[in-house]
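[1] Return atomic coordinates for the entry below.
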Amino acid sequence: MSKLFFAIVALFQLLCRVTGLSYAELNILVYCALVPLSWLLVVVWRRPGYWPLLMAQLLVLLGLLLRHFHLGPLSQRFYDYNIAVLEKLGQATGLGYVGVSLLMGVLVPGFSVVLLVAVPRRALVGMYLLLMGALLTYFWMGQTVAPFPGGARSAVRLTSLVP
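    Now for the predicted structure:
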């Protein structure tokens, strides 16, 4: 399990060097923009009439990329907040930080895409909205375990986890 985690970390670090993004910015881009965009791509693939929604999200993403997505301290605080939430979830579930990170960052997004492919077409938009609601709820409810921004304790930096 930790080999997969550190392979993903190494890939993200490589992408950071290639793109010039910080690790925090890349995480935000992947998990707050690209994962939900992948859900919308499945919806549009299965229900082509929803392409205007896809175009709207693509335009927002393009706008962020054109600004080179450097959010500075805000992105780092948001990243730290998410690390703190994952640490608390890891402690509460017994999975640890690495286990919860793989669950939330790999298994849940992957399962979500499979679910959107498998759900009946009539339930597709509802399932997409449910997934978006779950993502927003994760960020909102995480505030109860790790206040954002800046709580009393700063979250562990990922670089301290790399062997």
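[2] When you work out contacts or count neighbours from here on, use the C-alpha atoms and nothing else.
    Will do.
[3] Could you check how far stretch 116-136 is from the centre of its chain?
    Distance of stretch 116-136 from the chain centroid (Cα atoms, centre = their mean, to the nearest Å) equals 17 Å.
[4] Revised request: answer the last question for stretch 20-29.
    11 Å.
[5] What of stretch 100-109?
    On Cα atoms, centre = their mean, the centre of stretch 100-109 falls 9 Å from the chain's centre.
[6] What residues sit buried inside it?
    Neighbour counts over stretch 100-109 (16 or more other Cα atoms under 10 Å) mark 100, 101, 102, 105, 109 as buried.
[7] what residue ranges in the protein are flagged as low confidence?
    Applying pLDDT under 70 to the chain picks out residues 61-74, 142-163.
[8] change it to 50
    150-163 (pLDDT under 50).
[9] remind me, longest helix of it?
    Ranked by residue count, the top helix of the chain under DSSP state H comes out as helix 73-93.
[10] continuing past that helix, what's the next helix or strand?
    Toward the C-terminus, helix 73-93 is succeeded by helix 96-102 as the next helix or strand (DSSP states H and E).
[11] can you map out the helices along this structure?
    So, for the chain - with DSSP H - the helices run 2-19, 23-28, 35-46, 51-66, 73-93, 96-102, 108-118, 124-142.
[12] In contact with the spatially most central residue of the chain, which residues?
    Centroid-nearest residue in the chain, with Cα atoms, centre = their mean: residue 31, separated by 1.8 Å. For residue 31, the contact set (Cα atoms under 8 Å, 6 or more residues apart in numbering) comprises residue 105.
[13] repeat for the one 4 residues further on
    Counting by Cα under 8 Å, 6+ apart, residue 35 touches residue 109.
[14] what's the answer for the one 4 residues further on, then?
    By Cα under 8 Å, 6+ apart, residue 39 lies in contact with 112, 113, 116, 128.
[15] any idea which of these is closest to residue 17?
    Set against residue 17, the nearest of these by Cα to Cα is residue 113 (28.3 Å).
[16] Tell me the spacing between that closest one and residue 15.
    Using Cα to Cα, to the nearest Å, residue 113 is found at 23 Å from residue 15.
[17] Could you do residue 79 as well?
    17 Å.
[18] more neighbours, these two?
    residue 79 (22 against 15; other Cα atoms under 10 Å).
[19] dump the residue contacts of that one.
    Per Cα under 8 Å, 6+ apart, neighbours of residue 79: 24, 25, 27, 28.
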